[in-house]
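**Student:** here's a sequence, model it:
(one chain, ligands or ions: 1)
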Amino acid sequence: MTINRRSFIKLLGASAGVGLAGAPMISVAADIMPKKGRRVVVVGGGFGGTIAAKYIRMSDPTIEVVLISENKDFVSCPFSNLVIGGFRDLKDNMITYEKLAANHGIQMVYAHAESVDVGAKKVVTSAGAIAYDRLILSPGIDFRFDEIEGYDAKTTPEVIAHGWKAGPQTLLLRKQIESMKDGGTILMTVPPTPYRCPPGPYERISMFAHYIKANKPKSKIIVWDANEDITSKPGLFRKGWAKHYGYDAKDSSKGLIEYHNNSKIVKVDVKGMTIDNGVEAVKGDVINIIPPQKAGAIAFHSGVVGEDKKWCPVDQITFESKLVPGIHVIGDACIATPMPKSGYAANSQAKVCALNVVQLMNGKAPIPPSHVNVCYSYITDKEAVTVSAVYKEKDGKTIAIPGSGGVSPDLSELEARYGMGWIKNILTEMSS
Ligand SMILES: Cc1cc2nc3c(=O)[nH]c(=O)nc-3n(C[C@H](O)[C@H](O)[C@H](O)COP(=O)(O)OP(=O)(O)OC[C@H]3O[C@@H](n4cnc5c(N)ncnc54)[C@H](O)[C@@H]3O)c2cc1C
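**Tutor:** This next block holds a predicted model:
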């Protein structure tokens, strides 16, 4: 069963066209977008890129902004787990860019950014080269598929979905659990940190459990987590799983969720539907591998990825690359620890980065940041839990302000309702 991007768009009945890698959406010949004045180019129309583009135009309308997006629409990962749980439509996670562009005078280029000519200060795209004075990259993540033996980047996700870039993969997972027999086994693997959305895998587990409790109660979810423990809100997730899904930390054979820590997938047999952690191999009816991650490819093709060969070191005030001057990196691709790789963090970093890019372009001193993050995780369709923090820069590092946040005191119906407001607000902010 496969759902590619074309059938996905059909499935959604969306009218938006496809702008896949390598297929220019508008006809821009090489080098023919001459700069009229000062220009910032932004790569990536997701949580970070849309906001960076918008806030530069809002802060200084004399600066020209070009936003490069490889698709004409964007599908939000936040709240995509709820689609798998069966109580949200993926259409509600989608935005397009027309209003954003019109409201703020942002020039959209629907193309794949292939590389950056750092010397000439040009982004080379599938639609042509685009010159910049400053460049902001917010490309999100790519996967380290090569760390799992037997994983073929092209074919494996058609059978074994990751669902870590929302869209066809999300719908595939939902279809697979719908097709699974009662008494089936869902296998799920959690990658080592850092990865996109620390609580995301545990929300995904909850959503699988929510579905099978109501529809296939003889089934089971076996989780292999490469980390020492649940990496976000461990107490609240365990409490929620015990309350709703019969989870028992002392006897994992009870209940719907069997959770194993320190268990890292090393091999997959796609035909045999088994995964292997070097100690044992287990067979599943549905397998959801969330592969280990790294910055999106354009970061590698711009020279901004650090020595770890995964993520991009940046100045914590301006988000300017520590390796290539004039290029800023925000969102999942950058290193801003202890901020999580979240949509809310990308939004916050985008505002700080935009403001400071404007400061720098106007010969002014950068302004120290204040960031905020809240992550909502649904345990059921009615109850959610949250983690939040406020961050600032201190001595060149980002720190969480002591006492500024924490986790919600309990499972909460109110948090679940606030969450619905959060996603509506943030997607509206990105698209208008
Ligand atoms: C299941 C799941 C649940 C999540 N839940 C939450 C949540 O509840 N709250 C939260 O805050 N975060 C959540 N997240 C995390 C959130 O999705 C990411 O942290 C966020 O998307 C990062 O923003 P970004 O701008 O770095 O990347 P993205 O939002 O992924 O945007 C990157 C964009 O750049 C485009 N792009 C990449 N390369 C190129 C290129 N070369 N040329 C042109 N375009 C390019 C991509 O197509 C994409 O549109 C969740 C993630 C997952 C997987």
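**Student:** off-centre distance for stretch 65-82?
**Tutor:** With Cα atoms, centre = their mean, to the nearest Å as the basis, stretch 65-82 stands 9 Å off its chain's centre.
**Student:** how about the helices in the chain?
**Tutor:** Residue ranges of the helices in the chain, as given by DSSP state H, are 5-12, 49-59, 81-85, 98-104, 156-159, 168-179, 200-215, 234-245, 297-300, 343-361, 413-431.
**Student:** got the ones you listed as a markdown table, with mean neighbour count and mean pLDDT columns?
**Tutor:** Backbone N, C-alpha and C define where each C-beta goes, glycine included. Listed next are the helices of the chain as a markdown table, based on neighbours: other Cβ atoms under 10 Å; pLDDT from 0 to 100:
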| stretch | mean neighbour count | mean pLDDT |
| --- | --- | --- |
| helix 5-12 | 15 | 59 |
| helix 49-59 | 25 | 98 |
| helix 81-85 | 24 | 98 |
| helix 98-104 | 16 | 98 |
| helix 156-159 | 18 | 97 |
| helix 168-179 | 20 | 98 |
| helix 200-215 | 24 | 98 |
| helix 234-245 | 19 | 97 |
| helix 297-300 | 23 | 98 |
| helix 343-361 | 24 | 98 |
| helix 413-431 | 16 | 98 |
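**Student:** looking at the ones you listed, which is nearest to Asp31?
**Tutor:** Each of these was scored for nearness to Asp31 using Cβ to Cβ, and the closest is helix 297-300 (18.7 Å).
**Student:** quick one: closest of the helices of the chain to Asp117.
**Tutor:** Each of those has some distance to Asp117 by Cβ to Cβ; the shortest is helix 297-300, at 12.6 Å.
**Student:** that older thread, which one of the helices of the chain lies nearest to Glu114?
**Tutor:** Distances from Glu114 to each of those were compared by Cβ to Cβ, and the smallest falls on helix 297-300, at 7.6 Å.
**Student:** is the closest one anywhere near the ligand?
**Tutor:** Yes. Residues of helix 297-300 contacting the ligand under Cβ under 6 Å from any ligand atom: Ile298.
**Student:** same thing with stretch 332-348?
**Tutor:** Yes. With Cβ under 6 Å from any ligand atom as the criterion, the ligand is reached by stretch 332-348 at 332-333, 341-344, 346.
**Student:** give me every residue in the stretch 201-350 of the chain lying close to the ligand.
**Tutor:** Among all residues of the stretch 201-350 of the chain, those adjacent to the ligand (criterion: Cβ under 6 Å from any ligand atom) are 296, 298, 331-333, 341-344, 346.
**Student:** separation between the nearest residue to Lys351 once chain neighbours are set aside and the ligand?
**Tutor:** Computed as Cβ to Cβ, 6 or more residues apart in numbering, the closest residue to Lys351 that is not its neighbour in sequence is Tyr55, at 5.3 Å. Using Cβ to the nearest ligand atom, to the nearest Å, we find Tyr55 at a distance of 14 Å from the ligand.
**Student:** and if you look at Val75?
**Tutor:** Shown here: Val75 relative to the ligand, a distance of 8 Å by Cβ to the nearest ligand atom.
**Student:** beta-bridge partners for that residue, please?
**Tutor:** On DSSP bridges, the residues paired with Val75 through beta bridges are Met94.
**Student:** my guess is it contacts Leu90, does it?
**Tutor:** Yes. At 6.8 Å, Val75 counts as touching Leu90 under the criterion of Cβ atoms under 8 Å.
**Student:** what is in contact with those two at once?
**Tutor:** Shared contacts of Val75 and Leu90 (Cβ atoms under 8 Å, 6 or more residues apart in numbering): 166-167, 170.
**Student:** want to throw these into a markdown table with distance to Ser370?
**Tutor:** Shown next, in a markdown table, are the shared contacts of Val75 and Leu90 (distance: Cβ to Cβ, whole Å):
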| residue | distance to Ser370 |
| --- | --- |
| Ala166 | 29 |
| Gly167 | 33 |
| Thr170 | 33 |
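**Student:** by proximity to the ligand, which residue of the stretch 251-400 of the chain wins?
**Tutor:** Closest to the ligand within the stretch 251-400 of the chain is Gly331: 2.2 Å, counting by Cβ to the nearest ligand atom.
**Student:** what's the local residue count around that residue?
**Tutor:** By other Cβ atoms under 10 Å, 33 other residues sit near Gly331.
**Student:** that one and Ser348 touch, don't they?
**Tutor:** No. With the criterion set as Cβ under 8 Å, Gly331 and Ser348 do not qualify as a contacting pair; they are 10.1 Å apart.
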